[in-house]
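# Quick one, fold the following:
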Amino acid sequence: MPANPEKLRQVRDFSTKGIVTSIALNPKKKIAYLGSSDFKVYSVDLTSDKLEPKELFTHGAWVTGVALLNEGILVSGGYDGKLTWYDLKTNQTIKSEEVHAPRVRSIRTSPNGKQMASVGDDMICRVWDAQGKKIHELKGHAEKTPQGYGSMLFCVEFSADGKYLATADKIGKGIVWELESGKKIAEVEAPIMYTWEATARLHSIGGVRSVAFSHDGKTLALGGTGKIGNIDHLEAKARIETFEIATQKKIAEFVSDKGQGLVNRMFFSKDSSFLIGTGGAGDGFLMVIDPTGKKILKQEKVNFHVHDMAMADDFETFVLVGHNKAAIWEMKG
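As a prediction, the model looks like this:
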């Protein structure tokens, strides 16, 4: 039975140590891997009666990304600029090296688990094989904002067929890349997701924090927030914009009337009939949209700021992680 957003509900939650910024899920073993603000990477057995994260290894700063490769390899990235390859069978670090200066912002694995992509503050997307050999360096995002300050490359995602990558940055630009050749094939922009305070503070906030491909590869979604009045707070409404990749034109925009803050992770359903996004500011939210009908189907509050989401293969179960908490949700038909 296909996933049904109308059945969306939380079934379980548990406390975490620090702010969990990232999660990778092993659907077969029901094991989640968590990257935390306490510099550590954890595993947690989601089938256990008592959900207790178990420490695996550490970084030198916040862990901002975790991703699973095939053959039982977990890769993590952090604000120390490093990527670490960790063998889950032997519980040993394979290698750890500095690859982005000064910070790694996000990492993702390809659908077949054979490749991994990382992005960071150097505004470069690097693509790696499962053994940690670099395949591509993709450069196309501006290093500076229009005001001359350093930008940030926040997010990266693979298409469902593994043929393309999308990256997106602080000033609202998204780029689609052909993975085999490393060539740029499309650029889209969501400038409203970037706010610059030009008078008292000379400071910016926002940016595109999540990207997602529809399963047919024709549509790209960018997730972020709207224009912010007080840049000390993520007070704007959560925002998703969709684009046709072939024409690079905007299709629709979706603005939550219940959730504020950043859209930090998104997934299209396998038939692309709906897209689910999550994020937050003080509290968190879930937003389900119909990209074809151009309407919001459902919105739910989450009682913590959500930084990441992992989706099970059946699309009926997913896990949210964030500020000192994690929660298991279902949308079983």
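# how near is the spatially most central residue of the chain to T16?
Centroid-nearest residue in the chain, with C-alpha atoms, centre = their mean: R265, separated by 4.3 Å. As defined by C-beta to C-beta, to the nearest Å, R265 lies at a distance of 16 Å from T16. Any C-beta I mention is one placed from the backbone N, CA and C, and that applies to glycine too.
# Where does the prediction get shaky in the stretch 201-333 of the chain?
201-202, 231-233 (pLDDT under 70).
# quick one, strands of it?
Assigned by DSSP state E, counting those that start in this stretch, the strands in the stretch 201-333 of the chain fall at 203-206, 210-213, 219-225, 237-244, 249-260, 262-268, 275-280, 284-290, 295-302, 306-311, 317-330.
# now these in JSON lines, with distance to L153?
Output for the strands of the stretch 201-333 of the chain, formatted as JSON lines (distance: least, C-beta to C-beta, whole Å):
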{"stretch": "strand 203-206", "distance to L153": "14"}
{"stretch": "strand 210-213", "distance to L153": "11"}
{"stretch": "strand 219-225", "distance to L153": "13"}
{"stretch": "strand 237-244", "distance to L153": "18"}
{"stretch": "strand 249-260", "distance to L153": "21"}
{"stretch": "strand 262-268", "distance to L153": "15"}
{"stretch": "strand 275-280", "distance to L153": "18"}
{"stretch": "strand 284-290", "distance to L153": "24"}
{"stretch": "strand 295-302", "distance to L153": "26"}
{"stretch": "strand 306-311", "distance to L153": "17"}
{"stretch": "strand 317-330", "distance to L153": "22"}
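# Tell me which of the ones you listed sits nearest to L88.
With C-beta to C-beta as the measure, strand 306-311 is the member of the strands of the stretch 201-333 of the chain nearest L88 (15.9 Å).
# for the chain, what's the longest strand?
strand 9-26 (DSSP state E).
# That one vs strand 284-290, what angle?
Angle, strand 9-26 to strand 284-290, by axes from the mean of the first three to the mean of the last three C-alpha atoms, to 10 degrees: 90 degrees.
# Strand 317-330 and strand 9-26, what's the angle between them?
Interaxial angle, strand 9-26 versus strand 317-330 (the same axes, to 10 degrees): 160 degrees.
# if we can go back for a sec, quick one: closest of the strands of the stretch 201-333 of the chain to K54.
Proximity to K54 (C-beta to C-beta) singles out strand 317-330 among these, at 13.7 Å.
# Which positions in the closest one come out as buried?
For strand 317-330, burial by neighbour count (16 or more other C-beta atoms under 10 Å) applies to 317-323, 325-330.
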